[in-house]
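In: Let's see this in three dimensions:
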Amino acid sequence: MQMNYTNNQTTLKLELDWEPEEHHIAWAITTLVDSIPTGDLEAESSWTGRPEYPVKMLLKMLLFSYSRSVFSGRKIAEMGDENLVMRWLMGNIVTVPSYRTINRFRVHPRTKTLIKRLYSLFRTQLTSLGLIDDSALYIDGTKLAANANKYTFVWRKSVEKNEPKLDEKSNQLYDQIIQNEVDLAVRQETDGSLDSTELKAVSDKVSNEIDNLNQVIANEKVKPGGSQNKRRRRKLKHYNHLLKTDLIPRKQNYEFANRTFGERNSFAKTDTDATFMRMKEDPMKNGQLKPGYNLQVASQHQYTLYFDLFQRPTDTRTLVPFLSSIFTQAPNASQYVVADAGYGSEMNYQFISDDLEKDFLIPYGMYEKEQTRAYHKDKRKVANWDYDEYNDCYTDLDGIEFRFHNYSIRHDRYGTERKFKVYWAVDYFEDPQRQELATTQSGRPRQISINANWEYFKNKAKEQLSSEIGRQLYGQRKIDVEPIFANLKAHLAFKRFSVRGLSATWNEVGIALMANNLVKLAKVAANLKEHGQKQEGNSHKSRISFLFSYRIRVMSRTLLRLRIFGAETCAKRQLVPLNPKMVIIPSSGIMTIFTLMLTS
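Out: Predicted coordinates for the structure are as follows:
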């Protein structure tokens, strides 16, 4: 037998209002978005035409859909029609925004300002709830795939290799056109290459010369052996064809690539802001480079407090701009900056200590290896040598002395300046055995270069990481920031962007990370309530067990009396009852069956 079911029968709806359950994520979204001041939402809009959709409503729709792993604009619009919670967040509005409206809103520059304001309010909310403090910021990064084809790559080395060949070909063609008596005079520099504008000017002048030849050929008579003008026109047409179909388009592509590269070595044609990187998700196990972005996150207690998106594939050079943006927004954001060894560099250490005046808990690349026994026994490592501070010299484990020789300044490919002190081995011309140890295979004296600034920061990193608070905070790093990426990629399934361009992807990842924050906040609130109910339930159970044990003791005394009374009655009557089982229903409602062991 099944219960009655019909969805076509008209019913009288007595429930006029509906709300999500108490600790649903919709409440967290509503509380956060509604806290945005009205002044931040006001913008210039037209006084004519259809009224705009409320910004708060669109923001709530995006946060809820991203928390449910829905990233498509069409799917979000569909949720607005079918999902009950989404309808409640929209305020039961009659007209649902189209997918075009949703997509335009999440890539709009105005949305970026709203997202920044949203994170500021969220940090204030967490601080008021006591969920975060200013003890430490945990920083880490991950790579997200761009919405671009993985085979639309443009490499800087390829452009640098092929563009000079194109320039040489253009210069040769330029000389050939001049030899055909075409007055060009478009080259800006005698020895320089022709840019696309100059090549277009050359093509225009060649086209004009071809038009003039057409008029001349139309009026001239047929000559034996063919017309000289026709042969000249044929060559010019060939040159013009090369210019229009090969040289000019390729030169334009190279110029566009050079403008787009910036400091990068590659970009994708379908999303020019994306850089080709080696992703952690590599199903083919071949290390294939794919277009993507480098996401940097600063967290505490698994909440994303700050984030930024970079086009650089390595984490080392993202720390300085990321921390600059953080401490510009909040100068007292944290006292400790905690990150893994991928961020350990002289430039980063110096920026945190000198510019920000903060403490860092960031190991350098060789930190773990330097703790091993094999490293301490390696006589090639300068760290194991003796240093005489008074004479400023080093002595290796073989007794070879290295004395200061000169200063050296080096620059890396990014322009960072590093100062070194160069030490040369002493000349042991009187001792052939030691002289052999003091020279290289080519006969030159051995040299070592010491970066005093880098050694200072390495020692400072060791000291801070080995301290009690340093060990505690650095041990917390892996369980604080790593779960954010796990929840983002595994639970929310956000591994690839749905929009293109650095500004648009920044907006989208900001929405996704905030949705992840609100999911966690809603779970924390629900767990606190459940924990409170469990504590109340445990105390209630203890009271019940006490009352139950008390009633059992009272019942046992009653049963004993009944057993004695039954035995006496049967003995008097000299008979055994037909049913030796007696049923007693105590006042507690528990049925107890026992047997009277009677003998005649």
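
In: Run through the neighbouring helices and strands of the host helix or strand of Arg231.
Out: Following DSSP states H and E, one finds Arg231 within helix 228-242. On a contact count with 3 or more C-beta pairs under 8 Å, 6 or more residues apart in numbering; DSSP states H and E, helix 228-242 meets helix 156-179, helix 196-219. Using the backbone N, CA and C atoms, a C-beta is placed for each residue, glycine as well.

In: What residues of that helix count as buried?
Out: 232-233, 236, 239-240, 242 (16 or more other C-beta atoms under 10 Å).

In: Checking the closest residue in space to Leu137 that isn't next to it in sequence next. Helix, strand or coil?
Out: Nearest residue to Leu137, sequence neighbours excluded (C-beta to C-beta, 6 or more residues apart in numbering): Ser334, at 4.1 Å. At Ser334, secondary structure determined by DSSP: H, G, I helix; E, B strand; the rest coil is coil.

In: what's the pLDDT at Ser334?
Out: Predicted confidence (pLDDT) for Ser334: 92.

In: Give me the neighbour count for it.
Out: Ser334 sits with 24 neighbouring residues when counted by other C-beta atoms under 10 Å.

In: In this structure it contacts Asp134, no?
Out: Yes. Using C-beta atoms under 8 Å, Ser334 is in contact with Asp134, at 5.4 Å.

In: Quick check: which ranges of the stretch 451-600 of the chain have low pLDDT?
Out: 531-600 (pLDDT under 70).

In: What segments of it are strands?
Out: 581-584, 592-595 (DSSP state E, counting those that start in this stretch).

In: circling back to that earlier point, quick one: the residue nearest to Leu137 from Ser98, how far?
Out: Ser334 is 43 Å from Ser98, where distance means C-beta to C-beta, to the nearest Å.

In: Then Arg110?
Out: On the measure of C-beta to C-beta, Arg110 and Ser98 end up 19 Å apart.

In: quick one: which of the two has more around it?
Out: It is Ser98, of Arg110 and Ser98, that has more neighbours when counted by other C-beta under 10 Å, with 14 against 11.

In: And the pLDDT at the residue nearest to Ile36 when sequence neighbours are not counted?
Out: The shortest distance from Ile36 to any non-neighbouring residue, by C-beta to C-beta, 6+ apart, is to Arg117 (6.0 Å). Arg117 carries a pLDDT score of 94 in this model.

In: So what does Arg117 have for phi and psi?
Out: phi -70, psi -40 (degrees, to the nearest 10).

In: What of the one 4 residues further on?
Out: The main-chain torsion angles of Leu121 are listed as degrees, to the nearest 10 and equal phi -70, psi -40.

In: what's near enough to touch it?
Out: Shown in contact with Leu121 (C-beta atoms under 8 Å, 6 or more residues apart in numbering): 32, 35-36.

In: Which of these fall within helices?
Out: Among the contacts of Leu121, the ones falling in helices (DSSP state H) are Leu32.

In: Show the buried residues in the contacts of Leu121.
Out: 32, 36.

In: any low-confidence regions in the protein?
Out: 1-9, 11-16, 43-46, 183-191, 531-600.

In: repeat that with 50
Out: 540, 542-600 (pLDDT under 50).

In: how does the protein divide into domains?
Out: Here the domain assignment for the chain is 17-107, 154-268, 375-449, based on automatic domain parsing.

In: about what we covered before: from the contacts of Leu121, which single one is nearest Ile93?
Out: Ile36 (18.7 Å; C-beta to C-beta).

In: Surely that closest one and Pro54 touch.
Out: No. Contact criterion C-beta under 8 Å: Ile36 and Pro54 do not qualify, at 11.3 Å.

In: how many neighbours does Arg471 have?
Out: There are 13 residues near Arg471, going by other C-beta under 10 Å.

In: Disregarding residues adjacent in the polypeptide, which is nearest to it?
Out: Leu465 (7.1 Å).

In: Give me the neighbour count for that neighbour.
Out: Count around Leu465 with other C-beta under 10 Å applied: 18.

In: quick one: contacts for the spatially most central residue of the chain?
Out: The centroid of the chain falls nearest to Leu295 when counting by C-alpha atoms, centre = their mean (2.4 Å). If a contact means C-beta under 8 Å, 6+ apart, then Leu295 has 141-144, 307-310, 509 as its contacts.

In: and those residues, which of them are in strands?
Out: Judged by DSSP state E, the contacts of Leu295 include 141-144, 307-310 as members of strands.

In: Going by distance to Glu370, which of those residues wins?
Out: Closest to Glu370, out of all of these and judged by C-beta to C-beta, is Gly141, at 24.3 Å.

In: next one: phi and psi at Val422?
Out: According to degrees, to the nearest 10, Val422 has phi -100, psi 130.

In: how close does it get to Ala438?
Out: For Val422, the distance to Ala438 - C-beta to C-beta - is 15 Å.

In: of those two, who's got more company?
Out: Ala438 (22 against 14).

In: Can you give me the distance of the more buried one to Pro291?
Out: Ala438 is 52 Å from Pro291, by C-beta to C-beta.

In: isn't Arg233 right up against Asn212?
Out: No. If you go by C-beta under 8 Å, Arg233 and Asn212 don't touch, sitting 9.5 Å apart.

In: hang on, the earlier thing: return the member of the contacts of Leu121 nearest to Arg496.
Out: Leu32 (26.0 Å).

In: In contact with that closest one, which residues?
Out: Leu32 touches 118, 121-122, 125, 518, counting by C-beta under 8 Å, 6+ apart.

In: swap in Ser266?
Out: Per C-beta under 8 Å, 6+ apart, neighbours of Ser266: 153-156, 275-276, 289.

In: Pick the one among those residues closest to Val70.
Out: Thr275 (27.5 Å).

In: circling back: could I get the ones in strands among the contacts of Leu295 in TSV, plus columns for neighbour count and distance to Val481?
Out: Shown next, in TSV, are the ones in strands among the contacts of Leu295 (neighbours: other C-beta atoms under 10 Å; distance: C-beta to C-beta, whole Å):
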residue	neighbour count	distance to Val481
Gly141	24	9
Thr142	21	10
Lys143	20	15
Leu144	24	16
Phe307	23	11
Asp308	20	14
Leu309	20	16
Phe310	18	16
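
In: quick check, nearest of the residues you listed to Asp386?
Out: After measuring the ones in strands among the contacts of Leu295 against Asp386 - C-beta to C-beta - the closest member comes out as Gly141, at 40.0 Å.

In: wouldn't the closest one be in contact with Val297 here?
Out: Yes. Assessed by C-beta under 8 Å, Gly141 is found in contact with Val297 at 7.0 Å.

In: Apart from its chain neighbours, what residue comes closest to Asn103?
Out: Gly73 (4.3 Å).

In: quick one: the one you found and Met61, what's the gap?
Out: Separation of Gly73 from Met61 (C-beta to C-beta) stands at 11 Å.

In: now Lys75
Out: Taking C-beta to C-beta, one finds Lys75 at 11 Å from Met61.

In: So which of the two has more stuff around it?
Out: Neighbour count, other C-beta under 10 Å: between Lys75 and Met61, Met61 has more, with 25 against 15.

In: Which helix or which strand is home to that one?
Out: helix 55-67.

In: Please name the nearest non-neighbouring residue to Lys358.
Out: Per C-beta to C-beta, 6+ apart, closest to Lys358 is Ile352, 5.3 Å.
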